[in-house]
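**Q** give the three-dimensional model of this entry:
(chains A and B)
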Amino acid sequence: MHEEELIKLAQSGDKKALSELVKRHEKTVYNFAFKICRDKERAEHTMQETFLSMVKSISQFEGKSKLSTWLYTVITNHCLMAARTSKKHDWDSLEEEIDTYEEKNISSWNIDPEKVMEDKELKEQLDKAISKLPTDYRIVFLLRDVEGMSTAETGEIANLSVPAVKSRLHRARSFLRQELSKVLQYET
Amino acid sequence: MKPKKIKCEEAKKYLSINLGEDLDLSHCLEIKKHIEQCPMCKKYFETLEITIKCYQNYNVELSDECHHKLLNKLGLED
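**A** As a prediction, the model looks like this:
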């Protein structure tokens, strides 16, 4: 059944349709939440909060955007709110670190990105690097580069202008590459 | 001839900002040409792509327990 039909049924109180919508999106929601917070328990909590919002607000969903876009927006807002109440990152010093860091010799990396899931140490390095990014930069990188959203869609979800998305994306990409380079490069 | 440093910085910044975008063709070709000729920028581009691919391939499984807890919390368990 098409998603539009399922949404209409769910809006009329059909629990099976609502359940089907949850099943269709739960893996994406859980993964995206995990990718932002890098913690399974917090990802599960965010997923539950996101679907509670969906169940509560489904009757008001007008279908102007895709349901998935709406869910990404709920997760983004939830994680940004959580970040505001937790420890603040010293982003100014990170910006300075990107600007002043000079790689004397850019070397190749001895890793295969297709085998990430088999490499526990690499996963830890990836978690560590992205965890240093402020949440809003992390979200932009994940939406644009990992989830495959366009720059405009990323801006819509993160409530940012296109130039602001591009600026954060550039910073986030440079920073992550730089952080990984410190641990992954080898001399050729 | 060895490319100038400023050109490398420009190429790296351009790549980092515009990777995945529809690029202005003439400037894009200029950058592409530079990367082909400059081993350092070529490695920068390759490692930037690897960075993104690593994060794309890093996924987590949703356990059955998590799935059932979610449906239960939403009052949608069969």
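**Q** where does chain B dip in pLDDT?
**A** In the predicted model of chain B, residues B:1-6, B:23-25 satisfy pLDDT under 70.
**Q** other SSEs contacting the host helix or strand of residue A:136?
**A** Element membership of residue A:136, judged by DSSP states H and E, is helix A:135-141. Here helix A:135-141 touches helix A:15-37, helix A:67-85, helix A:151-158, helix A:162-184, going by 3 or more CB pairs under 8 Å, 6 or more residues apart in numbering or on different chains; DSSP states H and E. C-beta here means a position set from N, CA and C on the backbone, and glycine is covered the same way.
**Q** could I get the buried residue list for the third one?
**A** Yep, that's helix A:151-158 we're talking about. By 16 or more other CB atoms under 10 Å in any protein chain shown, the buried positions in helix A:151-158 come out as A:151, A:153, A:154, A:155, A:156, A:157, A:158.
**Q** surely the second one touches residue A:69?
**A** By that I understand residue A:153. Yes: counting by CB atoms under 8 Å, residue A:69 is a contact partner of residue A:153 at 6.7 Å.
**Q** what's the helix holding residue A:136 in contact with?
**A** A:36, A:76, A:79-80, A:83, A:91, A:130, A:133, A:154, A:158, A:160, A:165, A:168-169, A:171-173, A:175-176, B:55 (CB atoms under 8 Å, 6 or more residues apart in numbering or on different chains).
**Q** over to stretch B:27-37?
**A** B:3, B:7, B:8, B:10, B:11, B:14, B:15, B:18, B:41, B:42, B:45.
**Q** quickly find the element holding the third one.
**A** The secondary structure element spanning residue B:8 is helix B:5-18 (assigned by DSSP H and E).
**Q** between that helix and helix A:162-184, how many degrees?
**A** Angle, helix B:5-18 to helix A:162-184, by axes from the mean of the first three to the mean of the last three CA atoms, to 10 degrees: 110 degrees.
**Q** what stretches of chain A score poorly on pLDDT?
**A** Scanning chain A for pLDDT under 70 picks out A:86-104, A:186-188.
**Q** domain boundaries for it, per the record?
**A** A:3-85, A:91-184 (automatic domain parsing).
**Q** got the contact list for the nearest residue to residue A:152 once chain neighbours are set aside?
**A** With sequence-adjacent residues excluded and distances taken as CB to CB, 6 or more residues apart in numbering or on different chains, residue A:152 is closest to residue A:162, at 6.2 Å. Contact analysis of residue A:162 by CB under 8 Å, 6+ apart lists A:151, A:152, A:155.
**Q** report the central residue of chain A.
**A** Nearest residue to the geometric centre of chain A (CA atoms, centre = their mean): residue A:142, 3.9 Å.
**Q** correct me if wrong: that residue contacts residue A:32.
**A** Yes: counting by CB under 8 Å, residue A:142 does reach residue A:32; the two are 6.9 Å apart.
**Q** look at the residue in chain A positioned nearest to chain B and say how many residues are nearby.
**A** Using CB to the nearest CB, the single residue of chain A nearest to chain B is residue A:113, 3.6 Å away. Residue A:113 has 18 neighbours, counted by other CB atoms under 10 Å in any protein chain shown.
**Q** how close does the residue nearest to it when sequence neighbours are not counted get to residue A:164?
**A** Using CB to CB, 6+ apart and skipping the chain neighbours, the partner closest in space to residue A:113 is residue B:53 (3.6 Å). Applying CB to CB, to the nearest Å, the value for residue B:53 to residue A:164 is 25 Å.
**Q** for chain A, what's the nearest residue on chain B?
**A** Counting by CB to the nearest CB, chain B gets nearest chain A through residue B:53, at 3.6 Å.
**Q** now do the helix or strand in which that residue is found: everything it contacts.
**A** If you go by DSSP H and E, residue B:53 is part of helix B:39-57. With contact meaning CB under 8 Å, 6+ apart, helix B:39-57 is reached by A:35, A:105-109, A:111, A:113-114, A:116-117, A:122, A:126, A:130, A:141-142, A:145-146, A:173, A:176-177, A:180-181, A:184-185, B:3, B:8, B:11-12, B:15-16, B:19, B:34-36.
**Q** report the buried members of these.
**A** For those, a burial check counting by 16+ other CB under 10 Å picks out A:35, A:106, A:109, A:111, A:113, A:116, A:122, A:126, A:130, A:141-142, A:145-146, A:173, A:176-177, A:180-181, A:184-185, B:3, B:8, B:11-12, B:15-16, B:19, B:34-35.
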